[in-house]
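Novice: here is my input, please return the structure:
(one chain, ligands or ions: 1)
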Amino acid sequence: MKITHKFAVIGSPIGHSLSPEIHLPVLRRFFEAVEYNKVEVKKGELPEWMKRVRTEPIRGFNITMPHKTDVIPLLDGLEGDALVYGSVNTVVNRQGRLTGYNTDGEGFRLSLLQTGRGLEEANLLILGAGGVARTLVLKAISEGASQITILARNPEKAEALLREAKKTIRETGIAFGESMGANNKINKDMRMEYGSLDEAAERAKGADIFINATPLGMEGMESDFADLAFLKELKREALVYDLIYYPGETRLLGAASALGLSTQNGLGMLIYQGMLADRLFADEDFDFDEMYYMVKVQLEGKVDRL
Ligand code: NAP
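Specialist: Residues are numbered from 1 along each chain as shown. Okay, the predicted model is just below:
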């Protein structure tokens with residue numbers, strides 16, 4: 001008899017999650033029979049779900065809002081970036097022992113590599129100071145970025161994010177601004193700056209990677225950038241990365257392309273964080289390039305219909 005390997009994504013709301021489309025094509029390569037379900041778990045219902053996972057044969061699950069932090073005390077351990085981020089998007093169940101991981105930052109790094117860019121020595125200009133900006137900042141610091149500037153409509157949130165990121169990196173034992181160990185890529189001369197969104201034009205000049213980490217321009221969102229003049233200030237070689245994936249080409253990306261700048265949308269990060277989770281679920285390595293295009297094809301159809 002075939003064993004059905006069960007996986008899930010939990011969160012609230014969960015209806016629009018694309019996780020089944022991202023994970024199933026990959027998981028089907030490793031498991032003969034596989035299920036991946038979207039499970040609505042509301043705030044307050046997490047302990048009950050965790051009890052269920054320990055008794056039912058659920059091999060692993062992904063986590064989205066609002067549980068990425070709340071799940072930590074309910075796990076048996078954390079590994080990798082989850083230890084630094086204090087946030088979990090993937091849980092693997094190994095005979096009832098639940099381990100939490102976070103694949104978001106690494107998903108971002110791999111999606112950048114796709115464009116031929118790395119974070120080491122990079123100058124990043126990030127718009128937005130929310131959850132995803134925090135992940136990007138922690139990844140960029142640990143990969144040796146030379147400068148990170150965050151612009152937000154509430155600049156005090158950008159300042160707080162940078163302050164907290166420095167503290168997090170220090171507390172996790174990585175020497176920041178001190179002598180570097182062999183495996184420590186942190187740039188001891190790294191600069192961190194913050195400001196308001198209307199400083200985008202003056203701040204754009206030195207940026208290698210310009211990132212939109214706000215929902216401005218997202219389908220269904222009323223507001224978009226009022227003025228895209230800041231794009232003209234970017235270097236010709238700069239990358240404009242919009243973390244939004246629906247629509248695939250936001251007004252920001254369209255305008256950047258028209259100026260001849262390189263662009264990237266949020267699908268890359270979404271797919272890579274998913275494949276990194278699948279590698280943990282399957283406990284097997286696989287060719288990310290081959291799987292990437294397979295998942296992307298499936299997702300493009302779905303994203304169009306959202
Ligand atoms: P979040 O925690 O809610 O943070 C959103 C940030 O954008 C905050 O700084 C917020 O400012 C700002 N913001 C919201 N509305 C704004 C507006 N009208 N004008 C100017 N700034 C505004 O959200 P998040 O999780 O960081 O996600 C941010 C974006 O990244 C979303 O579009 C999301 O879809 C995308 N994302 C993509 C991926 C991927 O894999 N591609 C993963 C995660 C997120 P306040 O703090 O002042 O409200």
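
Novice: for this protein, which segments count as strands?
Specialist: Assigned by DSSP state E, the chain shows strands spanning 4-11, 33-40, 58-63, 77-78, 90-94, 97-101, 123-127, 147-152, 191-196, 209-212, 239-242, 262-264.

Novice: if we ignore the residues flanking it in sequence, what's nearest residue 88?
Specialist: residue 100 (3.7 Å; CB to CB, 6 or more residues apart in numbering). Just so you know, the C-beta spots here come from the backbone N, C-alpha and C atoms, and that holds for glycine as well.

Novice: pLDDT below threshold where in the chain?
Specialist: The chain contains residues with pLDDT under 70 at 173-184, 301, 303-306.

Novice: enumerate the residues of it near the ligand.
Specialist: Residues of the chain lying close to the ligand (CB under 6 Å from any ligand atom) are 128-133, 152-154, 157, 213-216, 218, 223, 243-245, 266, 269-270.

Novice: are any of those residues buried, and if so which?
Specialist: 128-129, 131-133, 152, 157, 213-214, 216, 218, 243-245, 266, 269-270 (16 or more other CB atoms under 10 Å).

Novice: in helices only, show me these.
Specialist: Of those, the ones assigned to helices by DSSP state H are 131, 132, 133, 157, 269, 270.

Novice: identify the farthest-apart pair in these.
Specialist: By the measure CB to CB, those have their two most distant members at 157 and 270, which lie 24.1 Å apart.

Novice: and the strands of the chain as a markdown table, adding distance to residue 48?
Specialist: Output for the strands of the chain, formatted as a markdown table (distance: least, CB to CB, whole Å):
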| stretch | distance to residue 48 |
| --- | --- |
| strand 4-11 | 11 |
| strand 33-40 | 11 |
| strand 58-63 | 14 |
| strand 77-78 | 21 |
| strand 90-94 | 15 |
| strand 97-101 | 14 |
| strand 123-127 | 37 |
| strand 147-152 | 36 |
| strand 191-196 | 40 |
| strand 209-212 | 37 |
| strand 239-242 | 37 |
| strand 262-264 | 39 |
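
Novice: ok, residue 62 - how many residues close by?
Specialist: 26 (other CB atoms under 10 Å).

Novice: over to the one 5 residues further on?
Specialist: Each residue near residue 67 was counted by other CB under 10 Å, and the total is 23.

Novice: what about the residue of the chain found nearest the ligand, distance to residue 209?
Specialist: Proximity of the chain to the ligand (CB to the nearest ligand atom) peaks at residue 130, 1.8 Å away. For residue 130, the distance to residue 209 (CB to CB, to the nearest Å) stands at 18 Å.
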